[in-house]
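Visitor: Here is a sequence together with a model predicted from it:
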Amino acid sequence: MKTCVTTPKNTVRDCHSLRAKPLRGKSQGGSTLLLVMLIITIVTAAVGIAFVVTNAGQRMGARASAYITAERVADGAVEYGFGVWKQRVFMNNGAITTAAANNAVTAPLPTGFQYDTVANRGPLALTATDAYGAPSSSPVPTVVSMLNYPGWKGYSFNYLVSAKVNSTNQLGGQVTAGVRRRFQYVEVPIFQMMFFFNDDLVIYKPATMTVGGLVHTNANLYLSQQSGLTFNNNVSYAGSYSATTIPPFGATYSAWSSSDQPPTLNGALTKVPVAAPLGVSMMSLFNTGDTNPNNDGFQEIIQMPNASFSDPPEISQRRMSNKAGIVININGTTATLTLQNGTVATAAQQTAIRAAFTGKTTLYDQREGKTVDVANINVRALTPALNALGAANFNSVLYIVDTTPVSGTSPRPKTVRLQNGGVLPDAGLTIASQNPIYIQGDYNTGTSATVLPTAVPANSTGNPSGTASPTVPGYTRKSSSVLGDAVMFLSNSWNDANSSLSLSNRTASNTTYNTAILSGFLPSGYTNPSGTQYGYSGGANNFPRFLETWSSRTCTYTGSMVQLFNSQTFTGAWGLGNIYAPPTRRWNFDNNFLNNAPPGSLICVVYSRGTWSKF
């Protein structure tokens, strides 16, 4: 059936059938709803997954950030431990035990952090180790080569420092971080070198000279020759090196000429870092600008402190007057004995030691240009007295000082003289003084009242090749050092009565000295207390001072020479003229010092951080 409808506005009729049609629109709406619901489900799941992933990422990021922070806190605790350990080693003047390292040591932690439990090795801990890195109650030294200093050896004392901390991050999770690092304290004996100079080291046109052993200066190095200068081992310097220019003030001694040549170097020549004697911390204590006379420089090592001022403990414990087992204090004609540092001696033994001081005399020192008071020490009498004490009762360090005031009644400089020193105590001997020291005649060679200097092969032959024995047959030279404001070598032929006469009346004979020496020196261009500026210093070849004509005579020396400071008492200018004529120098390093350093030896100190790890 058809139905036709006529619209009002037109004549077109819309005729359509009334037959039923399929309900197509209703079916499509249901499908769309299902599709929408499916999409919503997928999106919801994706959002949920994204939320879970994002939340997990946030947690992981927060945990990683918290761990990094905790690790930094633990590392900070370890660094705190390094500072505490370094200061305690420095104050102890040597390696410390595990117990001493851990005594009352706790690094403060930031808010929100705490150390893990003891069972988990949490608290800050400093542990000494043996040569293999295993924990030990005391560090076990190992011999190491100093990589920055060719040929140098040191003794390394190793420690392990660790800390483990916990923290809670902002999302409530706990993290733990543990850090450990190895530290090394290395002692480098200064007496392992033929020459160790803290200031410029100069050897300029010496007489024929062969130097055995290591050579080092913390400043500038000037070496040149005309007649032969040979170094048989490594040479190092921290400043600059020159072999083709005149050294400062060298022209006051001799002008540079075309015949001046570099030395013969049979070892390495290396620029190295400064090797700080006693450690960098020691050098930071010195101050010449304040009013305290007890912290002026390395000369404090040999000086007694001024009791009217404070003595910094770091310096005090390094003074030879405090390190010595026995102190002989001479005032006027009286010698007073002080036993310290565990020294034990009977009344009879003390009397025998005092008897080694044989009284005071005078001599004229041509370099100083004045008469000086001399406190004479008979080493021949001292040796059996010290042997009687034994190594258990005496540390083999003897400090001798003349404290007689320099005044109108006693205006002369005070000095110490070692005589008859052919035989030293079995355990070795170090003699130190704040006074200048004269060593008269053979020292540590085996000569005695019945064994004459000519029994020493180096003396009898003149040691032309530098290889003749410096001791009499059957005598083993002892580990020895002499420390003073200045050290003068007087030959076997020295006579006080001739000291003020012309040089021709002071003729030396072949003499041998077997000892390390540490003393003051006057550098080129030094200005004396009166304001007079000096010229050339005489160089390292004149580090020990001479007062005789040694022409055609040999000075044989086996030991080590160390310069750390300027002389304070003996400040006369170096020169030849009527003072001395140089010897033929046969100078060698004492290789025995490598394994048996002189008693109370000084050291260079190196503190370093080793490997770092997590645990």
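Guide: Looks like it came in fine.

Visitor: ok now the helix or strand containing residue 556, how far from the chain's centre?
Guide: Using DSSP states H and E, residue 556 sits in strand 554-559. How far strand 554-559 lies from its chain's middle: 26 Å, per CA atoms, centre = their mean, to the nearest Å.

Visitor: swap in stretch 521-538?
Guide: 27 Å.

Visitor: and it, how far apart are its ends?
Guide: 10 Å (CA to CA, to the nearest Å).

Visitor: Wait, a strand at residue 165?
Guide: Yes: when classified by DSSP: H, G, I helix; E, B strand; the rest coil, residue 165 is found to be part of a strand.

Visitor: Check what pLDDT it gets.
Guide: pLDDT for residue 165: 95.

Visitor: isn't it right up against residue 112?
Guide: No: here residue 165 lies out of contact with residue 112, judged by CB atoms under 8 Å, at a distance of 9.9 Å. (C-beta placed from N, C-alpha, C; glycine too.)

Visitor: out of those two, which sits in the busier spot?
Guide: Ranked by neighbour count (other CB atoms under 10 Å), residue 165 and residue 112 place residue 165 first, with 29 against 14.

Visitor: Which residue ranges make up the domains of this protein?
Guide: 66-191+604-614, 199-276, 324-582 (automatic domain parsing).

Visitor: Now distance to residue 589 too, for those, in TSV please.
Guide: Listed next are the domains of the chain as TSV, based on distance: least, CB to CB, whole Å:
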stretch	distance to residue 589
domain 66-191+604-614	9
domain 199-276	2
domain 324-582	6
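
Visitor: nearest to residue 294, of the ones you listed?
Guide: Proximity to residue 294, assessed across these by CB to CB, is greatest for domain 324-582 (12.5 Å).

Visitor: Now do that closest one: distance from first to last residue.
Guide: 34 Å.

Visitor: Can you pull the phi/psi pair for residue 80?
Guide: With angles defined as degrees, to the nearest 10, residue 80 sits at phi -60, psi -40.

Visitor: before we move on, back to that, and the next helix or strand past the strand holding residue 556?
Guide: strand 561-566.

Visitor: In PDB, could you pull the C-alpha coordinates for the next helix or strand after that following strand?
Guide: On the C-terminal side of strand 561-566, the closest following helix or strand by DSSP H and E is strand 584-589. Presented in PDB, the C-alpha positions along strand 584-589 are these (Å, rounded to 0.1, in the frame of the first residue of the first chain):
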ATOM      1  CA  THR A 584     141.200  14.900  47.500                       C
ATOM      2  CA  ARG A 585     137.600  13.700  48.300                       C
ATOM      3  CA  ARG A 586     136.800  10.000  48.300                       C
ATOM      4  CA  TRP A 587     133.200  10.200  49.300                       C
ATOM      5  CA  ASN A 588     130.800   7.200  49.300                       C
ATOM      6  CA  PHE A 589     127.300   6.500  50.600                       C
END
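
Visitor: quick one: buried residues of strand 584-589?
Guide: Using 16 or more other CB atoms under 10 Å as the burial criterion, the residues of strand 584-589 that qualify are 584, 585, 586, 587, 588, 589.

Visitor: where's the fifth one relative to residue 602, distance?
Guide: Using CB to CB, to the nearest Å, one gets 21 Å for the distance from residue 588 to residue 602.

Visitor: what's the answer for the first one, then?
Guide: Per CB to CB, residue 584 is found 30 Å from residue 602.

Visitor: which residues does the closest residue to residue 555 other than its chain neighbours contact?
Guide: Excluding its sequence neighbours, the residue lying closest to residue 555 (CB to CB, 6 or more residues apart in numbering) is residue 583, at 3.9 Å. Residues near residue 583 by CB atoms under 8 Å, 6 or more residues apart in numbering: 207, 508, 546, 550, 553, 554, 555.

Visitor: what's the most distant pair in these?
Guide: So, the contacts of residue 583 by CB to CB: farthest apart are 207 and 508, at 13.9 Å.

Visitor: okay, the two: which has more neighbours?
Guide: For residue 207 versus residue 508, the count of surrounding residues by other CB under 10 Å is larger for residue 508: 24 against 17.

Visitor: Helices of the stretch 1-150 of the chain, residue ranges please.
Guide: 24-92, 98-102 (DSSP state H, counting those that start in this stretch).

Visitor: before we move on, back to that, wait, which of the domains of the chain is closest to residue 298?
Guide: domain 324-582 (3.9 Å).

Visitor: Residue 416 contacts residue 377, doesn't it?
Guide: Yes: using CB under 8 Å, residue 416 is in contact with residue 377, at 6.4 Å.
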